[in-house]
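Asks: sharing a model prediction with you, sequence too.
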Amino acid sequence: MKLVSVNVGLPREVIWNGKPVSTGIFKEPVAGRLVLRTLNLDGDGQADLSVHGGTHKAVYAYPSEHYEYWRHELPGIPLPWGAFGENFTTEGLAEDAVHIGDRFRVGSAELIVTQPRMPCYKLGIKFGRDDMVKRFLVSLRSGFYFAVLREGEVGADDVLDYIGHDEHRVTVTDIVRLYVSETPDRNMLRRAVQLEALPESWRDYFRDRLDKLR
């Protein structure tokens with residue numbers, strides 16, 4: 001498991017449907033090492049802090065293995081590392097094998113997996129397609145967010161060392177499926193609401209769904 005690329009970008013203004021929109025989704029690979037802080041990487045930023053960024057979304061990771069799928073789905077569209085707005089393009093970390101609460105050491109930093117990425121309309125802006133949000137969600141290729149347990153320096157080709165897990169063993173894919181399913185698994189909902197690493201907003205949402213099944 002390793003970092004294939006580290007990508008950053010500051011918010012920029014683009015025109016979408018005739019209106020100016022500020023977005024930080026445009027990321028580009030960087031050479032050398034960067035300091036990873038509690039809220040983000042040096043040189044990175046988010047436009048709308050009400051839904052992006054924060055301690056639970058300090059770093060967005062996306063598996064490099066998904067790029068082949070998207071090259072087939074989006075022929076003719078350039079897909080350099082960072083194309084999906086990720087800070088870390090990874091190798092060897094799949095959503096169906098990575099658990100909420102898994103902890104990793106990379107470079108001199110330590111991270112914990114907190115939640116999947118739920119796409120917003122700005123993903124459509126990035127690719128110039130109104131259907132991109134739906135296609136991304138249905139694909140179950142969500143990527144996932146890390147919170148920073150210990151600040152440090154990171155860089156491309158750093159190894160991601162697995163150092164611990166949550167006892168409930170709920171994968172990133174499990175969370176996405178619970179979110180999109182019209183008939184979510186009751187037992188999985190019970191496990192999800194006990195995940196300490198999962199943000200409280202997610203846990204409240206799953207508690208509400210669990211209550212409605214009783």
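Replies: Noted; the coordinates are in hand.

Asks: could you pull up the mean pLDDT of the longest helix seen in the chain?
Replies: Longest helix of the chain, by residue count under DSSP state H: helix 200-213. What helix 200-213 shows for mean pLDDT is 91.

Asks: before we move on, what about stretch 171-187?
Replies: Stretch 171-187 comes out at a mean pLDDT of 92.

Asks: as a check, name the ranges of all helices in the protein.
Replies: For the chain, applying DSSP H gives helices covering 67-73, 121-127, 132-138, 172-180, 186-192, 200-213.

Asks: for residue 108, find the nearest of the ones you listed.
Replies: Evaluated over the helices of the chain, closeness to residue 108 peaks at helix 172-180, with 24.8 Å, by C-beta to C-beta. Just so you know, the C-beta spots here come from the backbone N, C-alpha and C atoms, and that holds for glycine as well.

Asks: can you show me the CA trace of the closest one as PDB?
Replies: Only the C-alpha atoms of helix 172-180 are listed here, as PDB (Å, rounded to 0.1, in the frame of the first residue of the first chain):
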ATOM      1  CA  VAL A 172     -16.300   2.200   3.400                       C
ATOM      2  CA  THR A 173     -18.400   0.300   0.800                       C
ATOM      3  CA  ASP A 174     -20.700  -0.900   3.600                       C
ATOM      4  CA  ILE A 175     -21.400   2.800   4.500                       C
ATOM      5  CA  VAL A 176     -22.100   3.800   0.900                       C
ATOM      6  CA  ARG A 177     -24.500   0.900   0.400                       C
ATOM      7  CA  LEU A 178     -26.300   1.800   3.600                       C
ATOM      8  CA  TYR A 179     -26.700   5.300   2.300                       C
ATOM      9  CA  VAL A 180     -28.100   4.400  -1.100                       C
END
